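Asker: here is a sequence together with a model predicted from it:
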Amino acid sequence: MIPIAIIGAGMTGLACAQAVAAAGHTPILFDKGRGIGGRLATRRAGNLQFDHGAQYVNAHDPGFAHLLQTLTDQGETAPWPDSTGRTHTVGTPGMATMAKAMGKGLDIRQNAQITGLKRLGDGWLLQIGATEVAAARVVITAPAPQSVALLGPDDPLAKALATVRYAPCLTLMAALRASAPFVTRNAPEDDLAWIAQDSSKPGRPKGEAIAWVAQASPDFSLQHLEKDPAAITALMLPLLYDRLGAPPDAVTHAAIHRWRYARVITPLGQSFLSTPDATLYLGGDWCVGPRVEAAWTSGIAIAHDLLARIG
């Protein structure tokens, strides 16, 4: 039986696993993807790359600030001035590097989607394809709707998630051979609410074309969420041309990513949920707020509670 199984290797799962492992335990993380990090994501296309999820991180908690400083000292992150007078922290050479650095030394099973979860005596039975794995304690760090689907709508913890709300986000990744009028543009009321010159971040590949990431507003994203990628690209590219003042023939690459659970707009209001016997925990940014640091906060809080229970 696995002592501690963590479902999801995004920031919450990684933060929890790091803290638990530092205390001498051996958690196993299961992630459904080919890569880890969740929205700490970097997409590559030939000699281009795009941070198509979280654009950067900032620290308010001293513990999170210490983590970022450690990663910076190791060369895994670096400061990025966005030309508005603010400086953020980004992974180098991509945001996904942060997750990879945090995952070093941890037992992470990728391409391992948990499709079922049920009680097994004092523990839990995880269904992974045709395989069943028993675990004494389980930490679920999936988005709230996916956690509900795993638990079942009648589960008491699932019912507690009824108030959590998300906004989706459609993200355009484009490369243009045209001048760059800005580094970032933040216009929450615009259809393209955020535009970033990804090529300006430290450690990014340089070439004739400039890599841009444009994230649509919640309203635009919700309106067009179910369209096929080609249709979404056809809608968002002209908007990007307009905001950059670039001609349509400047584009050399364009792709879309659809984030269904991109931004928490109504969080739970506490760091995590757990069963009375502390054998099952639920956590994520959806507990605290719409920042990478919030996901870390939830993961660390789960780890502290779990360690206090098991000694």
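Answerer: Okay, I see it.
Asker: and the lengthiest strand in the chain, which strands flank it?
Answerer: In the chain, assigned by DSSP state E, the strand with the most residues is strand 251-266. Applying DSSP bridges, strand 251-266 is found paired with strand 165-176 (antiparallel).
Asker: can you give me the buried ones in the strand it pairs with?
Answerer: For strand 165-176, burial by neighbour count (16 or more other CB atoms under 10 Å) applies to Tyr166, Ala167, Pro168, Cys169, Leu170, Thr171, Leu172, Met173, Ala174, Ala175, Leu176. Where you see a C-beta, it was placed from the backbone N, CA and C, and this is true even at glycine.
Asker: for the helix or strand following it, which strands pair with it and how are they oriented?
Answerer: Next helix or strand after strand 165-176 toward the C-terminus (DSSP states H and E): strand 184-186. If you go by DSSP bridges, strand 184-186 pairs up with strand 192-197 (antiparallel).
Asker: what comes into contact with the partner strand?
Answerer: Strand 192-197 has contacts (CB atoms under 8 Å, 6 or more residues apart in numbering) with 51, 55, 82, 172, 180, 182-187, 210-218, 220, 236, 239-240, 243-244.
Asker: and the closest residue to Ile28 other than its chain neighbours, how many neighbours?
Answerer: Excluding its sequence neighbours, the residue lying closest to Ile28 (CB to CB, 6 or more residues apart in numbering) is Asp107, at 4.8 Å. Asp107 has 14 neighbours, counted by other CB atoms under 10 Å.
Asker: do you know the pLDDT at Asp107?
Answerer: Looking at Asp107, its pLDDT reads 98.
Asker: for this structure, which helix is longest?
Answerer: helix 292-310 (DSSP state H).
Asker: so which elements touch that helix?
Answerer: Where contact means 3 or more CB pairs under 8 Å, 6 or more residues apart in numbering; DSSP states H and E, helix 292-310 is packed against helix 11-22, helix 62-73, strand 131-140, strand 280-282, helix 285-288.
Asker: give me the buried positions along it.
Answerer: Residues of helix 292-310 classed as buried by neighbour count (16+ other CB under 10 Å): 292-306.
Asker: Ala162 looks like it's in a helix, true?
Answerer: No - counting by DSSP: H, G, I helix; E, B strand; the rest coil, one finds Ala162 to be coil, located in no helix.
Asker: show residues contacting stretch 199-207.
Answerer: Stretch 199-207 has contacts (CB under 8 Å, 6+ apart) with 47-49, 51, 78-80, 90, 92-94, 180, 183, 198, 210-211.
Asker: how about that stretch: buried residues?
Answerer: So for stretch 199-207, counting by 16+ other CB under 10 Å, buried means Ser199, Ser200, Lys201, Arg204.
Asker: measure the second one to Pro181 for me?
Answerer: Distance of Ser200 to Pro181, given as CB to CB, to the nearest Å: 12 Å.
Asker: can you name the element that comes right after the longest strand of the chain?
Answerer: Proceeding N to C from strand 251-266, the next assigned helix or strand is strand 273-274, under DSSP H and E.
Asker: so what strands line up beside that next one?
Answerer: In the sheet, strand 273-274 lines up with strand 280-282 (antiparallel) (DSSP bridges).
Asker: what are the contacting residues of the strand it pairs with?
Answerer: 124, 137-141, 147, 157, 161, 272-274, 302, 305-306.
Asker: closest to the centroid, which residue in the chain?
Answerer: For the chain, Arg39 is the residue whose C-alpha lies nearest the centre (CA atoms, centre = their mean; 2.3 Å).
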